[in-house]
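Chemist: Sequence first, then the predicted structure, then my questions.
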Amino acid sequence: MTVDDLPVPALFVCAEHVSSNAQFCSLPEAVQLQISDITQQFNLNSTAFYKTIELRLQQHIYSISLKKSSQAQSTVCCVFNTQASEQRSIDDLVFNHSGEAMMVTDKDDDVIRVNDAFIMLFGYPRERVLFRKPTFLRSGLNQSNTIRAAFRAIKNEGHWSGEIMIRKASGETIHTWQSTSSITHNNEIKGFITIFSDISNHISQRDTFRFLAYHDHLTGLPNRLLLEDRFKQVLKHFRRSQKAEANHLSIVFIDLNQFKELNDQFGHQAGDDALKILADVFQNTLREDDTAARLGGDEFVLLLEHFHTIADIHKLTSRIAKAIAQAAASSDYPQMKINFSYGAAFYPSDGESLDALIETADKKMYKMKNANHG
């Protein structure tokens, strides 16, 4: 049997070869092109062997049946139940002209329709999208838990909204806010419609605000809030640890010597550079598990895990002092001398709260500062 033997408009696609019967050729040319394109995409992209979809083209509704051969990569498309639509659906107008990217999938979750905004946002041409599973948009982005939760919500409630990462055709990944709703008829799910909003700028701003809330604006080091959070996290780790004898940390309070004089001699820019040099040295010297924070002015605090003795602290501060001297010598102010005093407190012998440890370390720092000044 060939398409000429079929009693309805029909199209046959095999690789690049396309043939149609007389009834199909009697359809409007634009309709022929659309249905031919859809049939070819089904033949190329779909893993299903049979699918029926409805299309609204040129104020008519067309129900098309697509059947793929199991022997060869070929598809027969039959057009049924064409009926006039007196006016274009408002849904179609919204879909076609919306500024938001929109995608329709059928009950098998195969993409059957995308709008121009989808193509503009993600960069995939229609022929690379139709009849594929939307999973290609999330390839390699490790969001399986979120997707499973989304499908559960859609099944139980008919709708889900949330943040999803999407991989564009260029390979770039962007943050989107995705809203998916099921399309039902007579309490049976016929498909799904998804709206995507690009929220990458919002995420970037949110991350910036979050960073500023927990970091010092000049040096980029953690501030007091983040230091307190890190301290709590270390104590939680200690409570879970089976080796109580290893649960030690130290708090080192560091204050620049004669910082006011440094500002007066070289200017406030040099003072800011001195603080940045300290921050860079801390970040390059400390271990990943340790924390350097700026409390304000020229006051810094180091949170150091597994430092047991003042000798350990002295070795570290000696390395820091040497690195600071080298960095200052190659800075814009090579004549600038950056010296500091410090005091250390140990958990739990000197206190069990951050405030108590900082207070003890601060007092010891002033003893060193006064001794050096004297």
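Modeler: Yes, it's here.

Chemist: ok now do the nearest residue to Phe192 once chain neighbours are set aside, which residues does it touch?
Modeler: Spatial nearest neighbour of Phe192, chain neighbours left out: Thr105 (4.8 Å); criterion: C-beta to C-beta, 6 or more residues apart in numbering. No exception for glycine: its C-beta is placed from N, CA and C like everyone else's. Contact analysis of Thr105 by C-beta atoms under 8 Å, 6 or more residues apart in numbering lists 111-112, 134, 191-194.

Chemist: Quick check on those: which are buried?
Modeler: 111-112, 134, 191-194 (16 or more other C-beta atoms under 10 Å).

Chemist: check which helix or strand covers the residue nearest to Phe192.
Modeler: Using DSSP states H and E, Thr105 maps to strand 101-106.

Chemist: Walking through the protein, point out its strands one by one.
Modeler: Taking DSSP state E, the strands of the chain run over residues 10-14, 17-20, 50-57, 60-68, 74-84, 101-106, 111-114, 159-167, 173-185, 188-198, 249-256, 291-296, 299-305, 340-347.

Chemist: so can I have TSV of these showing mean pLDDT?
Modeler: Listed next are these as TSV, based on pLDDT from 0 to 100:
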stretch	mean pLDDT
strand 10-14	88
strand 17-20	88
strand 50-57	78
strand 60-68	83
strand 74-84	78
strand 101-106	90
strand 111-114	89
strand 159-167	93
strand 173-185	90
strand 188-198	89
strand 249-256	94
strand 291-296	94
strand 299-305	94
strand 340-347	93
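
Chemist: thinking again about what came up before, export the contacts of Thr105 as TSV, with columns for distance to Leu6.
Modeler: Shown next, in TSV, are the contacts of Thr105 (distance: C-beta to C-beta, whole Å):
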residue	distance to Leu6
Val111	27
Ile112	23
Pro134	33
Gly191	27
Phe192	31
Ile193	32
Thr194	35
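
Chemist: Can you spell out which residues form a bridge with Val252?
Modeler: Leu302, Ala344 (DSSP bridges).

Chemist: residue contacts, Lys155?
Modeler: So Lys155 contacts Ser182 (C-beta under 8 Å, 6+ apart).

Chemist: Kindly report the same for Lys364.
Modeler: By C-beta under 8 Å, 6+ apart, the neighbours of Lys364 are 253, 342-345.

Chemist: Kindly report the same for Arg113.
Modeler: Contacts of Arg113 by C-beta under 8 Å, 6+ apart are 95, 103-104, 130.

Chemist: Repeat the analysis, applying 7 Å as the threshold.
Modeler: Val104 (C-beta atoms under 7 Å, 6 or more residues apart in numbering).

Chemist: So what sits opposite it in the bridge?
Modeler: Beta-bridge pairing for Arg113 (DSSP bridges): Val104.

Chemist: which residue packs closest to Leu130, ignoring adjacent ones?
Modeler: Gln41 (3.9 Å).

Chemist: From Ile189, how far off is that neighbour?
Modeler: 23 Å (C-beta to C-beta, to the nearest Å).

Chemist: Comparing those two, which shows the higher neighbour count?
Modeler: A count of neighbours by other C-beta atoms under 10 Å puts Gln41 above the other of Gln41 and Ile189, at 22 against 14.

Chemist: measure that one to Val129 for me?
Modeler: 8 Å.

Chemist: Please apply the same query to His215.
Modeler: 41 Å.

Chemist: any idea which helix or strand of the protein has the worst average confidence?
Modeler: helix 90-97 (a mean of 64; mean pLDDT, DSSP states H and E).

Chemist: pLDDT weak spots in the stretch 101-250 of the chain?
Modeler: Applying pLDDT under 70 to the stretch 101-250 of the chain picks out residues 242-246.

Chemist: Let's see that with 80 instead.
Modeler: Across the stretch 101-250 of the chain, the stretches falling below the confidence threshold (pLDDT under 80) are 185-186, 240-247.

Chemist: shared neighbours of Gln41 and Val129, which are they?
Modeler: In contact with both Gln41 and Val129: no residue, using C-beta under 7 Å, 6+ apart.

Chemist: so what's Ser65 up against?
Modeler: So Ser65 contacts 52, 78, 80 (C-beta under 7 Å, 6+ apart).

Chemist: change it to 8 Å
Modeler: Counted by C-beta under 8 Å, 6+ apart, Ser65 has contacts 50-52, 77-80.

Chemist: ok, now Arg138?
Modeler: Counted by C-beta under 8 Å, 6+ apart, Arg138 has contacts 147, 164-167.

Chemist: Quick one: buried ones out of the residues you listed?
Modeler: For the contacts of Arg138, buried by 16+ other C-beta under 10 Å: 147, 164-167.

Chemist: Just the closest of these to Ala327, please.
Modeler: Met165 (38.6 Å; C-beta to C-beta).

Chemist: Nearest residue to the closest one in space, please, no chain neighbours.
Modeler: Nearest non-adjacent residue to Met165 (C-beta to C-beta, 6+ apart): Leu141, at 4.6 Å.

Chemist: Next: Phe266.
Modeler: Tyr333 (5.3 Å).

Chemist: what's the burial count for that neighbour?
Modeler: 19.

Chemist: can you check the one 5 residues further on too?
Modeler: Ile338: 24 surrounding residues under other C-beta under 10 Å.

Chemist: if we can go back for a sec, in PyMOL, how would I select just the buried ones from the contacts of Ser65?
Modeler: Per 16+ other C-beta under 10 Å, the buried members of those correspond to this PyMOL selection:
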select buried, resi 51+77+78+79
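
Chemist: residue contacts, the residue nearest to Met165?
Modeler: 165-167, 173.

Chemist: related to what we said a few turns ago, out of the contacts of Arg138, which is nearest to His268?
Modeler: Taking the contacts of Arg138 together and measuring to His268 by C-beta to C-beta, the closest member is Met165, at 42.8 Å.

Chemist: Could you measure from the closest one over to Ile199?
Modeler: 11 Å.
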